[in-house]
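[1] sharing a model that was predicted from the sequence below.
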Amino acid sequence: MQPLITGKLITCTLLFALIQFYAEAQTDADAIMMGKQNFCLGPMYGHSSWKNYWEGTLKRDNLNLGTVSANMYSIMGNYGITNKLNFLFGVPYISTKASAGTMHGDNGIQDLSLWLKWMPLEKNIGKSVVAVYGVGGFSTPLTGYSGDYLPLGIGLHSTNLSARLIADIQHGDFFATASGTYTYRNNVTINRNAYYTTEMHYTDEVEMPDVASFQFRTGYRTMRWIAEAIIDNNNTLGGFDIRRNDMPFPSNKMNWTSAGVNFKYTFKKVPGLSLTGGGSYVLTGRNVGQATQFNGGVFYIFNFAKPAKDKAGVEHSCKLCVKP
Amino acid sequence: MKKLISFIILLSVPIIYYSCSKEIHGTTDNLRPLQPGSLDIDAGSWKPVLLSRVDTFSVAVPPLTNSPAYIADLNEIKAYQQNLSSEQRSKVSYWAAGGVLRWNELMRELVAKHNLPAYQNEDGTYPIPNSLNPFNYPQFPFSNPPYAARAYAYVSGAQYDALIACWHYKALYKQPAPYKVDSMVVALNGKSDLPSYPSEAGVLAGVTAEMMKLLFPTEIAAIQQKLEEQELATIESGTATRTDIKAGEALGRSIAQVFIARAKTDNASKAVGTPEQWAQLDSTCRAKGEIPWHSLEDPTRPPMLPFFGNVKPFLFDSLTVISLRPQAPPSTHSAEMQNQVDEVYNYTKNPTQERTRIIQFWADGAGTYTPPGHWNYIACQDFLDENYSEVRWARNLALLNMSMMDAAIVCWNTKYYCYYPRPSQMNPQIKTLTGMPNFPSYMSGHSTFSAAAASILGHIIPSRAGAYDAMAQEASMSRLYGGIHYHMDCDAGLETGEKIGGYAISRAKTDGAE
C-alpha cells in the first residue's frame, strides 16, 4: 500500500444558484477507498456562476440578476473503518450574490452530508482490475436557511437519502468509472401558507420529487496523479417547469448535464498530502443555471492504525498497488 | 460481512419509512359539510351592494312537489345516488364544505396563476395584456395586487347580492329540500330546514362563473367545468333538484350582469395609462422639486397600474379617496428622508432568521394569490370555525374584499400622487430580501390592505381582533425588513387602512345582518 489521498473535489454544480453544491463530493462517487484507520481531511473552495438559465426549456438571461455567483468553503473527510468500508462527511458554507438588480445575496452553513461507502468486490480480470462499490448517503440542513429563496438561496433545505452503485475498471494507468444514484428527497416546509405550482396548494409543505443521477468519469490514474474527464447527468423525477418570467421554486424539475475535468496530485516528499482541483460546465439543463464552476482543495491523510507502518496515511487500492 | 448487511438494512429502514409519507394535504382538503349555526332565513332583508331591490330579477314559482316535473327531478337524484363512484363522492364532499369557500379558493388559484409580470419585448419595451385578445402573450390579466383586490371584491360582492336575492326567494317559496319530500333521497351533506329553491349552490355557480369569465377570460373552459361539477355534486348529495339548481344559476347569472356593467365603467380599464401619462407623472414630481420614483427593473418597466387610484370604490365615493390620502411624506431632499433610508439599510444589512421568516410569510409577490388573497385565506380559515350560512360567508367576504379593493384604490392613488422613490433608488447599496415592486413607495400596499382587512375582520370576529391587528403589524413590518419600504410607508398604510376598514364596519353595522 502506498500513500494516496482521497478527498477529491466537491462538484459545486451551482444550479439555479440552485446551489447544488450540496457537497456533491466526488469522494462519494469515485472508485477509491481509504485504508483502515486512515483519516483523510481537508478544506475545499468552490466557485460557481451563471448568467444564462433555463426557464423550463427556454434558455434566457435576466438583466435583474446579471450573473449569479456562489462561493463555497467546505470541510470534507473520509475515514477508513476497514479497507472495504469508508465513512465520509462534508459540510459547506456558501454565500451567493447577484451582480445586478436589487436582490440581496444569502449565506450560511448549508447541509451536513454523510456517506457509507462499501467495496464488496475487487477482482483481477485479465490485465484489468474491476471493482464494485455501494454508497449510502444522508444529508440534512444544519441551519435554518430558507429553501424558498431561489435563485439566491444557498440550498433547498431538504433532508435526503441516497443510494449509489459504482462500477470501476482500471487497466494499466487508465480507468473508467460509471455510477448511478437514486436520491430520495424529503418534503420541505416553506415560510408560506399557500403556493402555486401547476395548481394551488394550501399548505406550507412542498412535495420534493426524487432525483436520479448518473456519472461517467475516465482518465489517467496512478498513485501520484489523477487526471480525468467527468460527465454528470441529473434528472428530477417529477417537479414542474418555471413559468414564463416566474420565480424558481424548490420543487421545480431541475435537470442538467455537465462536463468537467478533475485533477489530483499527491506529493512525493510529503506523503499523505495532496492537492485537488477541477472545473465543470453545464451543457444543457432545465430550470437551472448554466453554471461554470471550479474548485480546489488540500487534503492530508492521518494514520491512526497501530502500529502505524507508514508515517502518513494510505489509501487502500489494490488496483493501484500493482503499479510500482 | 454480517455487519455490512445490517448497515444496509438499517439505512433502508428510514428510506422505506420516508417514502410512505410524501403526499401532502391542504388545510381544507378534508372538511366537514357546512352545517350553519343559523340559517339566516331573513337574509333577503339584508342590504345589497349594487342591487336596488333583492327581487329585481324574478324567479318563477317552483314546481309542486307532487308534479311530474318534480318527481322526475327526484328520480334523477335517486338514480345518481344508486351508484356514486368514490371520485363523485369526493366531489360531493369537496363542495359540501361550502360553495363560497370553494369558489374563493378557486379565485385565489386563478389570481396566483395569472400573477406574472410580462417579459420584455426585443426593443426593451413591455407588452401589455389585452382583455380583447386575452390568449396572446402576456395573457390577460396580469393579476397583480390591485387587479386581484378588485377581482376578489367584484366576485364577493356579486356573490353576496346574489345570495341575499336567493334567500329572499327561498323564504318566499319555502320549497322543502328533496330529502324532506322523499325519504328515499339520502341527505349526503346532512339535513337542514333551509328551503332548497332556488339552490344557493346554483346561484353561486352562476354568479361566480359569470364574474370569473369577465375577470379571467382565458379560464372559461375550466370555470364552466367547476360550475358543472358543483351543480352535479349538489344534485347527487340530495340537497337540491336540477330545477332548484337551474333557477339558482339563472338568478346568479342575471345578478352578475349588474356587477359586470359596473366593472366595465369603474375606470379600471384606464388604470394602465399611456406612455405620455407615465412621463407626466415624472415631470409633475420634478416640477415640485422632488426626486421622482423610477423603475428599478432592467429594462425599465412602466409603473404598475398608475391610474388604479381613479377606480370607483365600493364603500365611499371618489372624493373620499382623495381625502383619505395620508399626510405627504417628507421631501426627498430632507434629513428626515435620509434617516428613513438609513433605517431600511440597517434592516437589510444583517437579516435574521426570524425577520426572514416574516418577510417570506407575507411576501405574496409574483406567482402568488397576492396580499388580498392571503387575507382571504386567513379569513376563510377562521370562518370555518364559525359555522356561518353560505349567505353570511358571502356577506363577510364581501365586506373584507370591498375593504381591500378600496384600500388598493386609496393606496394606489397616494402612491402616484406622491410618486416617492423606493429605498434602493435612494441608496443603491440597499439590497432587498424580497422582490422589488414596480411602483412608488409611499405608502405601503401590504400595510394598507392588512390594516383594512384586520379592522373589518376584527369587527366580524371580535375575539380574533387582537390577532388580526398583530398580523397586520407583522405584514406591514415585513416590507421594512425586506428593504422595499420605509417605516413611514408602513405607518401611513396601517393608519389609512384602518380608516378604510372603518367604512366597512359602518356598513356591517347597518346592513341588517347583525
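    Cool, the structure landed.

[2] burial measure for residue 154, as a count.
    I'll assume chain A. By the criterion of other CB atoms under 10 Å in any protein chain shown, A:I154 has 31 neighbours. In this view, the C-beta of every residue, glycine as well, is placed from N, C-alpha and C.

[3] my bad, the chain I had in mind was chain B
    Quick note: B:Y154 (other CB under 10 Å) scores 28 neighbours.

[4] same thing with A:G277?
    17.

[5] helix or strand: which one has it?
    strand A:273-286 (DSSP states H and E).

[6] and what of B:Q473?
    Counting by DSSP H and E, the element that carries B:Q473 is helix B:465-481.

[7] list the buried residues in that helix.
    B:Y468, B:D469, B:M471, B:A472, B:Q473, B:A475, B:S476, B:M477, B:S478, B:R479, B:L480, B:Y481 (16 or more other CB atoms under 10 Å in any protein chain shown).

[8] does anything pack onto the strand holding A:G277? Which helices or strands?
    Secondary-structure packing of strand A:273-286 (3 or more CB pairs under 8 Å, 6 or more residues apart in numbering or on different chains; DSSP states H and E): strand A:52-55, strand A:225-237, strand A:255-266, strand A:292-303.

[9] low-confidence ranges, chain B, go.
    B:1-20 (pLDDT under 70).

[10] recalculate using a threshold of 80.
    Along chain B, segments meeting pLDDT under 80 span B:1-21.

[11] point to the residue nearest the middle of it.
    Per CA atoms, centre = their mean, the C-alpha nearest to the average position across chain B is that of B:Y152, at 3.9 Å.

[12] right, and that one touches B:W375 too?
    No - using CB atoms under 8 Å, B:Y152 is not in contact with B:W375, being 9.1 Å away.

[13] burial count for residue 300?
    In the absence of a named chain, this looks at chain A. The tally of other residues near A:Y300 (other CB under 10 Å) stands at 18.

[14] meant chain B actually
    14.

[15] wait, it touches B:H294, no?
    Yes - here B:T300 reaches B:H294: they are 7.1 Å apart, a contact under CB under 8 Å.

[16] from chain B, how far out is A:R60?
    8 Å (CB to the nearest CB, to the nearest Å).

[17] my error: substitute A:S179 in the last question.
    17 Å.

[18] name the helix or strand for that residue, please.
    Assigned by DSSP H and E, A:S179 falls in strand A:174-185.

[19] give the rounded mean pLDDT of the following helix or strand past that strand.
    The C-terminal neighbour of strand A:174-185 among helices and strands, as given by DSSP H and E, is strand A:188-189. Taken as a whole, strand A:188-189 carries a mean pLDDT of 97.

[20] so is strand A:188-189 next to chain B?
    No - judged by CB under 8 Å from any CB of the partner chain, strand A:188-189 makes no contact with chain B; its nearest approach is 10.0 Å.

[21] what strands flank the helix or strand following that strand, and is each parallel or antiparallel?
    Proceeding N to C from strand A:188-189, the next assigned helix or strand is strand A:195-196, under DSSP H and E. Its sheet considered, strand A:195-196 pairs with strand A:200-201 (antiparallel) by DSSP bridges.

[22] distance from the strand it pairs with to the middle of the chain?
    Its chain's average C-alpha position is 32 Å from that of strand A:200-201, according to CA atoms, centre = their mean, to the nearest Å.

[23] tell me how far B:Q340 lies from A:G101.
    From B:Q340 across to A:G101, the span is 22 Å (CB to CB, to the nearest Å).

[24] what do you get for B:G289?
    Shown here: B:G289 relative to A:G101, a distance of 29 Å by CB to CB.

[25] buried set for the strand holding A:G277?
    Buried residues in strand A:273-286, defined by neighbour count with 16+ other CB under 10 Å: A:L273, A:S274, A:T276, A:G277, A:G278, A:G279, A:S280, A:V282, A:G285, A:R286.
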